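Visitor: Give me coordinates for this.
(chains A, B, C, D and E, ligands or ions: 4)
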Amino acid sequence: MKALAGTRTVLAPVALGVLALALWQALVVAFEIKPFLVPSPLGIGGAFVDTADHILDAAVQTGLNALIGLGIGAVTGILVAILANALRVLDRMLVPLVASLAVIPIVALAPIFYAMFGAAANTGRQLVAAVAVFVPMYLNTLQGLRQVEPVHRDLMRSYAATAEQVNRMLLLPGAVPYVLNGLKIGSSLAVISALIAEYFGGPANGLGIAITSSAAGSNYTVAWAYVLGAVLLGTLFYGVTAALEGWSRRRRRT
Amino acid sequence: MTDPRPAVRIASVDKIFRGRKGAEVHALSDVSLDVAPGEFVSLIGPSGCGKSTLMRLVADLDQLTAGEIEVFGKTPEQARKDQDYGIAFQQAGLLPWRTVRANIELPLEIHGVDARGRAARSDELLELIGLADFADHHPDQLSGGMKQRVAIARALAERPRLLLMDEPFGALDEITREHMQNELVALCKETGAAVIFVTHSIPEAVFLSDRVVVMSPRPGRIKDIVTLDFSARDEELREDSTFYDGVTAVRMLLHDGAADGARGVENR
Amino acid sequence: MTDPRPAVRIASVDKIFRGRKGAEVHALSDVSLDVAPGEFVSLIGPSGCGKSTLMRLVADLDQLTAGEIEVFGKTPEQARKDQDYGIAFQQAGLLPWRTVRANIELPLEIHGVDARGRAARSDELLELIGLADFADHHPDQLSGGMKQRVAIARALAERPRLLLMDEPFGALDEITREHMQNELVALCKETGAAVIFVTHSIPEAVFLSDRVVVMSPRPGRIKDIVTLDFSARDEELREDSTFYDGVTAVRMLLHDGAADGARGVENR
Amino acid sequence: SSGDDAETTSSASGDAAPAELTPVSVQLQWLTQAQFACYYSALDQGYYEDAGLDVTILPGAVDIVPIDVLTSGSADFAISWVPKVLGAIEQGAAVTNVAQIFERSGTLQVAFADSGIESAADLAGMKVGSWGYGNEWELIAGMQASGVTLEDLDGGSTVQQAFDMNAFIAGDIDAAQAMTYNEYAQVLEVVNPETGELYTEDDLVVIDWNDEGTAMLQDAIWADSERLASDEDYAASTTAFIKGTIEGCVFAKDDPQAAADIVTAAGSTLGTSHQLWMANEINKLIFPSTSGVGHINEDQWDATVAMALETVNPEGSTIITTEPPETAYSNEYVDAALAELEADGVDVMGADYAPIEVTLNEGGE
Amino acid sequence: MRRSRLNGVLWGILGVLAAVAVWEGYKAIGPAEGVVVGDIVILPRTTDIAMPHTWDVLARLFEPVTRAAGADVLWWAVLQAAAFSLGIAALGWLLGVISGLALALLMQRWVTAESAVLPWVVLSQTVPLIAIAPLVRRWGSEIEIGSFQWENWMSVAVIASYLAFFPVAVSALRGLKSPPAADIDLFRAYAAGWWTTLLRLRLPSSVPYLLPALRLAAANAVVGTVVAEVSIGLGGGIGRMIIEFAATASGDPAKTYAPILGAVLIGLVSAGLVALIGMGLKRFRRAEVTA
Ligand SMILES: Nc1ncnc2c1ncn2[C@@H]1O[C@H](COP(=O)(O)OP(=O)(O)OP(=O)(O)O)[C@@H](O)[C@H]1O
Ligand SMILES: Nc1ncnc2c1ncn2[C@@H]1O[C@H](COP(=O)(O)OP(=O)(O)OP(=O)(O)O)[C@@H](O)[C@H]1O
Ligand SMILES: [Mg+2]
Ligand SMILES: [Mg+2]
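Guide: Ligands and ions are numbered 1, 2, ... in the order given. Predicted coordinates:
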């Protein structure tokens, strides 16, 4: 039964993926669609192999910014959530601000950050990613901190535990699954955000720049090879954080 | 343990819960009760009569509406801060990410006992509750009864002078329950701790207590107090007729004085 | 209700749970038991001996590994589809977004009973469980005992010929529990329903049952069956010596033949 | 901004439109602005209608590649820069440059006067801005011609420029890409904190690729090669469209203020002085014309192709690797249009063209 | 109850005021070139271009968009653009919610479908929108059925739904799987079919999971709408306004904040609308009420 489930979790998505790609390839071939309209999967694969070096370079640039943004966003998200959990007033004051932050599109946010932090540096990209991560991080952590069972709260109160002790021994450990879920959601957002922020400033390197400059020359096969690079990078981020979540869940046996 | 003051002094306490839409629940009305040091007092009564509420007031987990409570001559708040009591709830309330040992050590850790001291104490307690082999297990690997025992050990960890226990044996099966009752008796004798004990089981209350406080609901008040004066609490007592007399006395009070058919619907 | 076939026929049933990493739990081993129409059978035994599992097999909520089960001469699956039984779990399992009344009416609604019919039936049942005043409350406004009563009413809603009840009275206090026991007795007499009843309480099993099935764990098997032949199940019976004899008989079986050291814990 | 359908401005001014007008659409490469004054003026002044066309102008956007819109059949004509299209042609797009509306390049590299930058050679060691999106080729070609590689730049690559000039003004970029008609003006619309007045042209130095010899052909009208060959009506419409457009250009030359107002009325929210500046600068890219507006000069075309074959992008590849096919440009249609216009007495050369003086206001207001 | 909601609004306003105070406070004391450590600016520059005064931004709203005769006052232009984008975002949200729910149902119904589809659902969100937007527009333009003609705004709505469906699909799946095993057993004991179980058990119990997802989907739909407007060039909305106004970012920095305020407004309005839905579904959230 376990083996069956195992094959299913691996085989089923792969089968679906292969099927979709085959269909795509068949359509491109059957209707003789030109690569500058819709590139074929095989063409993209070929271009991916040919430009692997450049894709890797670009992915490292974008990935680094995403990683730094993920770090900044995660840490601030958790810290602010702890504060907001402790101070109801702060929590309520932050409601409209966080809701706003969640809807400010990157096209608007990135230029502001570049103006604030310099357009030749990567800071703006990292901050755009950080903001994208902050929102799910903050909301998830806050929800996690609030999932305390009343009996645990009573218990800590009966021990006259300090606020710091309650946070360290009860609230934070309890919130770990929520924090990790937030991190998981934030991870692929960080990649996408860092990538899109590349259009509005910073050094002309990275996956986003490469995608547009290839697309602008109608070289869609190469553009999609970079898109594939972006997908793989996003999947890597997601996979690592999802594995982290799974590992912690197993460790906690919940 | 020859404190002249009562361990707990409850004087004319009222507790009213104010719910949404102005709905009020009069949970406790004019409740007065003194618990002497080393005394074992059980609270018994139908569901919703305010047993848990009373215990929570003593533990400073809720605020009273009127009246006064003193714990070792101090306010409940001061007593809580001074860690004068240990508490065990009906739900075990173990932290799932801590091992059995770490759960037992939690209060010691919070109050700054060093690692050596903690380990020594938790070894003792694990022995007491018969879970020495499970020290490194996590709560989810324990049965309901085992969890409950861990929670009891945790309540005892700091050798409190006052133990507050809210239906701690509810989840145990019969044999384990008897064992834990015997252990509790031994422990109280040894440490001289006063106990306030909430239970639904009449025989349990009678077996354990110096006094059984019978409560009635709506609003919660003390209906009567049955004083029991057993010379020893051991297995023989469970067969003794004085024990059965105590059980009958409490049961009659609970059933509204009528020993027969009046075991009516309880309209909580 | 003069069906010649047994209500439930359990023949040499085995149930093995295959866990992760190939670990196996032999939950039931060679269990055989017939329940006659209108008969009240209790299952009792230590935690983990397979009581719930056996009941779930009868209800077609799990698949047996070996052996055979028939419910009114049909397969459990057919019996489930024909709605031949009503079931109540230990956890009340009420839907939180439905009122008390709507929860009771749930099975009727699923089986297409019209609104008038549903209302009439739920009125009766609300009366029976003494919660008429709470018809429009939601589960979170009820105490644990009240929830359990609603779950029982729900199991009775369709007047099933077979009732499966898994520790339905666990969360009730003594008085309510006795009341519900009396009601259940009356109900079975009235409808002639067969009952399979899981409980941890020996007096409860003895008071209610025609036969008490004592089980032992690892693997779960039937250790022995105590047949009780009371003329009437009323308040007098609770004080009667034949009742205490029954209790003692079951207790001895449970405590592995040792009669001592196990009394006075629970006499409900 | 204007209503929902502002981007599809149609000349079919209600019931007056005669039934025989041929509907055609043209895909611009950016938002509605005076860069496209020729087309909007022609539409507004009824030149397209006179030529028998019902023209729909489709404004562009960030991720819209006009040539793709053309080849996918969603537009009949597209406006795009030659080097960008050369890449697409090599990828298989069958399109033809039928009229080279801009004879000159409008792309500058702008620096502050005190930066020490005077020519492309000085860009080495500097932070150099670029938009990408295929707009970077002249810059790269110019640097390459002066022996400056991308690695020589501060940071080892160009700096990505946004739609604004903040990065340049804040000093994050030493030399920023700017179109004469847009970004250059944006700088001149900002208050210089040192003087309290707007920046002046004296505060800036520009590298003009026309002067450096690496200018490439910019805004041209592109048509579908296969349809040109097979569809006579389409070929006729092409000539008609070019004709109307050139008339629009002439109108804008003669009355830049009116042209600017037409564009604003078509839904542009650029400031009024900025819009006028743009209209005026556009005229300078068209007039005076060497061989009639729209006519593709072979030397310019060849120069652009030559650079496209040589200019190496950051990924190490050139725009194109082989010469474009014959069909890549054709003067057939534009010459026909020019002939008709000259017959009508329209001055398609603008030999005596003189630009106007435009005063920019803060923020382009 | 009403009072506490009012309180919430007041505190929210206070929060915005506090943010404004922090902004202006830092602008007053922070160095113009920002706080620089090494090469990196770690605290922002305080020039008017980088951080315009909040009151300048507000005042700008009450001036005309341009000096052109008959130009609208800025706030009105922003409001119109916001309403336009909100309409598209709402459609995108609806499409996203429907497809997200449909996917969740599919995955709940067949375990194999879940293992096959879920990874791709996750993967779909790692594809940058700029890669998809032009494709959607191009493929959309191929669609022409009778008098129906694909319009650009439909492409924008589709792209918005691409971002919106994700949280719905994932959370709805979790919600549909959330009923305790005992409840599932109960319905099985009633011999209730898949539909009955879905309608009476799974859907009601997924409400607490669904509501935050709907809110997230709304935020995503707004972002998707604006980005798609920019990407494929739909006029009339906030997205177009953002790039149009970017031209004046240096000369008239306050003006560039106006469409951002517009986006925030849409976000808050859509969050409010979802909250209304939440109130309508209140009875399914009883279990959520915590002590
Ligand atoms: N937080 C609260 N808010 C409102 N009412 C409450 C609250 N806690 C308890 N009550 C009410 O106070 C009364 C007493 O409750 P309490 O929990 O003390 O009963 P109890 O005697 O412990 O019952 P049980 O045997 O079921 O545990 C009940 O009517 C209950 O509904
Ligand atoms: N789904 C399952 N998977 C694996 N093992 C199971 C499963 N359900 C029950 N078991 C095992 O089967 C045995 C019998 O369990 P069951 O729930 O029937 O016990 P029980 O007699 O009802 O106990 P209790 O009195 O605690 O309810 C136990 O050892 C249990 O661990
Ligand atoms: Mg209680
Ligand atoms: Mg069980």
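Visitor: so where is the chain shaky, pLDDT-wise?
Guide: In the absence of a named chain, this looks at chain A. A:1-7, A:35-37, A:252-254 (pLDDT under 70).
Visitor: you looked at the wrong chain, it should be chain E
Guide: Using pLDDT under 70, the flagged stretches of chain E are E:1-6, E:67-69, E:286-291.
Visitor: Would you tell me what helix or strand the residue nearest the centre of it is located in?
Guide: Closest to where the C-alpha atoms of chain E average out (CA atoms, centre = their mean) is residue E:219, at 1.6 Å. Assigning secondary structure by DSSP states H and E places residue E:219 in helix E:203-232.
Visitor: And the contacts of the helix or strand following that helix?
Guide: Toward the C-terminus, helix E:203-232 is succeeded by helix E:238-246 as the next helix or strand (DSSP H and E). Residues outside helix E:238-246 that contact it (CB atoms under 8 Å, 6 or more residues apart in numbering or on different chains) are A:105, A:107-108, A:111, D:1, D:31, D:61-62, D:162-164, D:268-270, E:77-78, E:81-82, E:84-85, E:225-231, E:233-234, E:255-256, E:258-260, E:262-263, E:266. C-beta: built from backbone N, CA, C; applies to glycine.
Visitor: What of stretch B:162-170?
Guide: The contact list for stretch B:162-170 (CB under 8 Å, 6+ apart) reads B:7-8, B:35, B:51-52, B:55, B:58-59, B:71-72, B:79, B:84-90, B:148, B:151-152, B:155-156, B:177, B:180-181, B:188, B:193-201, B:204.
Visitor: out of these, which are inside strands?
Guide: B:8, B:35, B:71, B:85-88, B:194-198 (DSSP state E).
Visitor: contacts with chain A among the contacts of stretch B:162-170, please.
Guide: With CB under 8 Å from any CB of the partner chain as the criterion, the contacts of stretch B:162-170 include B:59, B:85, B:87, B:89 near chain A.
Visitor: Confirm that residue B:27 lies within a helix, as I assumed.
Guide: No - counting by DSSP: H, G, I helix; E, B strand; the rest coil, residue B:27 is not part of a helix but strand.
Visitor: check contacts around it.
Guide: Residue B:27 neighbours (CB under 8 Å, 6+ apart): B:15-17, B:50, B:53, B:219-220.
Visitor: Please convert the ones next to chain A among the contacts of stretch B:162-170 to TSV, extending it with distance to residue E:23 and pLDDT.
Guide: Below are these laid out as TSV (distance: CB to CB, whole Å; pLDDT from 0 to 100):
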residue	distance to residue E:23	pLDDT
B:59	47	91
B:85	50	88
B:87	48	90
B:89	48	84
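Visitor: okay, among these, which ones form the most distant pair?
Guide: B:85 and B:89 (12.9 Å; CB to CB).
Visitor: Just give the closest residue to the closest residue to ligand 1 within the stretch 201-350 of chain D, not the sequence neighbours.
Guide: Nearest residue of the stretch 201-350 of chain D to ligand 1: residue D:269, at 58.4 Å (CB to the nearest ligand atom). With sequence-adjacent residues excluded and distances taken as CB to CB, 6 or more residues apart in numbering or on different chains, residue D:269 is closest to residue E:244, at 4.9 Å.
Visitor: got the domain boundaries for chain B?
Guide: B:8-84+B:160-266, B:96-159 (automatic domain parsing).
Visitor: in chain B, which spans are helices?
Guide: Using DSSP state H, the helices of chain B run over residues B:51-58, B:76-81, B:100-110, B:115-128, B:144-156, B:174-191, B:202-208, B:241-254.
Visitor: Mean confidence (pLDDT) on the last one, please.
Guide: Here helix B:241-254 scores 83 as its mean pLDDT.
Visitor: before we move on, back to that, so of the contacts of helix E:238-246, which ones are in helices?
Guide: A:107-108, A:111, E:77-78, E:81-82, E:84-85, E:225-231, E:255-256, E:258-260, E:262-263, E:266.
Visitor: Now residue 19: which helix or strand?
Guide: Picking chain A for this. helix A:2-30.
Visitor: Sorry, I should have been clearer: chain E.
Guide: Short version, using DSSP H and E: residue E:19 is in helix E:2-29.
Visitor: What is that helix packed up against?
Guide: Secondary-structure packing of helix E:2-29 (3 or more CB pairs under 8 Å, 6 or more residues apart in numbering or on different chains; DSSP states H and E): helix A:88-103, helix E:54-61.
Visitor: Could you see whether chain E lies near the first one?
Guide: Yes - contact between helix A:88-103 and chain E, assessed by CB under 8 Å from any CB, occurs at A:89, A:92-97, A:99-100, A:102-103.
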